[in-house]
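# Return atomic coordinates for the entry below.
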Amino acid sequence: MGNFVRDEPTLDVNIEKFNRIKNCEFILINDSFRKPSSLSRLKKKYESHNIHCVEVSKGNPGETRNAGIEIASGDWISFIDSDDFVEFSGYVDLVEKAQLAGADFAVGQYVRMLLADSGLTKTFVPSNQDSIEQLARDPGIWRMCFRRDLISANRFTPMRMAEDQVFLLNLEFWKHKALFSRLPIYSYRTGVETQLTQTLDAFDDIKLSIGIFFDYLFNVSQERDDRKIVSIMLSSQLISVFRRKPFKGPFLLAANLLRVRNSIRFTRTTLFLMRILIIEFLGRSRNFLVDKGNRNV
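Presented below is the predicted three-dimensional model:
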């Protein structure tokens, strides 16, 4: 398991839970891109026979996750973020069930935690994801466990945002056998200051990821099932964008078109025009935010 160090108090809680688990390794990835190295202190505080502390200087979760893949020695790999809470016993149970089922990857449920001015509130996400199509609408990689040999040949794109979705796209996860569990194993926190997705620096990665999805539909996808799943993933990204950016109309229109007609093959001309329009409006949105001096998105 890889961890991107940004929130050490939360990490303390996770490490305490992990220490109760046997036959697992925890790879703690410290990214020192923006501040001086603290690797020696982290090693002194956390490292043990099954907790390994390493350091990279990349500045994005994509390459940080790649560093974890290079080091991991277990048969199964999962990726978690240090500003979220996890239940390691749930991951172990998930892997055991996946092995018995002969699955290539497994998916658990999660709890969404919103950090508001009034304090931390919890909203339970209903356990209704029991199909690939439902997973495509909300593909949180941090509640998924993968067979190591499934992902060992794949790498994350060096991005600060949407690197997980692009990774799953390149993996073509819908072509592999999945096991779905109704057990909540992850607490995903939003509104945390350390989240990279809250900064304008990640905006260009949104444009890149959406372009990659359009390119897949335009150049790669031939099968009906491929088009359906990728269209659902792309529409979900567009929905996420219009919820927090200006110029909502074009994003919402494109998302609804893809979601309603995700099993129908768009003409190459239609996809090409949609790609140009969406990327153009994303650029205008970014310029609008820069002009307003808004660093948080």
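# then stretch 21-30 to PDB, C-alphas only?
Output in PDB follows, covering the C-alpha atoms of stretch 21-30 (Å, rounded to 0.1, in the frame of the first residue of the first chain):
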ATOM      1  CA  ILE A  21      -2.700  -6.400  10.900                       C
ATOM      2  CA  LYS A  22      -0.400  -9.300  10.000                       C
ATOM      3  CA  ASN A  23       1.100 -10.400   6.700                       C
ATOM      4  CA  CYS A  24       0.800  -6.900   5.100                       C
ATOM      5  CA  GLU A  25       3.300  -4.300   4.200                       C
ATOM      6  CA  PHE A  26       2.800  -0.500   4.300                       C
ATOM      7  CA  ILE A  27       4.800   1.600   2.000                       C
ATOM      8  CA  LEU A  28       4.900   5.200   3.200                       C
ATOM      9  CA  ILE A  29       5.800   7.500   0.300                       C
ATOM     10  CA  ASN A  30       7.000  11.000   1.400                       C
END
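# Which parts of stretch 157-165 count as buried, going by neighbours?
Within stretch 157-165, the residues scored as buried using 16 or more other Cβ atoms under 10 Å are T157, M159, R160, M161, A162, E163, D164, Q165. Just so you know, the C-beta spots here come from the backbone N, C-alpha and C atoms, and that holds for glycine as well.
# who's in contact with it?
With contacts defined as Cβ atoms under 8 Å, 6 or more residues apart in numbering, stretch 157-165 is touched by 58-63, 65, 79, 139-142, 156, 166-167, 170, 196-197, 199, 201-203, 205-206, 208-209, 212-213, 233, 237.
# which stretches of the stretch 101-250 of the chain have low pLDDT?
Along the stretch 101-250 of the chain, the model assigns pLDDT under 70 to residues 115-129, 191-202, 221-222, 242-250.
# for it, what spans make up the strands?
In the stretch 101-250 of the chain, the segments counted as strands under DSSP state E, counting those that start in this stretch are 105-116, 119-124, 144-147, 178-190.
# any idea which of the ones you listed is most buried?
Comparing those on average neighbours per residue, with mean count of other Cβ atoms under 10 Å, the densest one is strand 144-147 at a mean of 22.
# where exactly do the helices run in this protein?
8-18, 39-46, 61-71, 88-101, 132-137, 148-151, 163-171, 203-215, 224-244, 248-260, 268-291 (DSSP state H).
# Mind checking those for the one nearest to C53?
helix 39-46 (4.6 Å; Cβ to Cβ).
# helices and strands around the closest one, which ones?
strand 26-31, strand 51-56 (3 or more Cβ pairs under 8 Å, 6 or more residues apart in numbering; DSSP states H and E).
# Just say which of those strands is most tucked in.
Highest mean neighbour count among the helices and strands packed on helix 39-46 (mean count of other Cβ under 10 Å): strand 26-31, a mean of 22.
# Would you give the sheet partners of that one, along with the direction of each?
Here strand 26-31 has these sheet partners by DSSP bridges: strand 2-4 (parallel), strand 51-56 (parallel).
# mind listing what A98 touches?
W76, F105, A106, C145, L179.
# among these, which two are most distant?
W76 and L179 (11.7 Å).
# Columns distance to D12 on top of the strands of the stretch 101-250 of the chain, output as TSV?
Below are the strands of the stretch 101-250 of the chain laid out as TSV (distance: least, Cβ to Cβ, whole Å):
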stretch	distance to D12
strand 105-116	17
strand 119-124	16
strand 144-147	23
strand 178-190	15
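# Of those, give the one that comes closest to S89.
Per Cβ to Cβ, nearest to S89 of the strands of the stretch 101-250 of the chain: strand 178-190, 8.4 Å.
# For that closest one, which helices and strands make contact with it?
Packing partners of strand 178-190 (3+ Cβ pairs under 8 Å, 6+ apart): strand 85-86, helix 88-101, strand 105-116, strand 119-124, helix 132-137.
# what's the closest of the ones you listed to I21?
That would be helix 88-101 among the helices and strands packed on strand 178-190, by Cβ to Cβ, at 4.7 Å.
# Distance check, G59 against A106.
30 Å (Cβ to Cβ, to the nearest Å).
# Enumerate every residue touching V220.
Contacts of V220 by Cβ under 8 Å, 6+ apart are D226.
# right, and I27 touches N50 too?
No: counting by Cβ atoms under 8 Å, N50 is not a contact partner of I27; they are 9.8 Å apart.
# For the strands paired with strand 26-31, which has the smallest mean pLDDT value?
Ranked by mean pLDDT, the strands paired with strand 26-31 bottom out at strand 2-4, which scores a mean of 47.
# and R275, how far is that from N50?
Counting by Cβ to Cβ - R275 and N50 are separated by 46 Å.
# Please identify which of the two sits among more neighbours.
R275 (18 against 14; other Cβ atoms under 10 Å).
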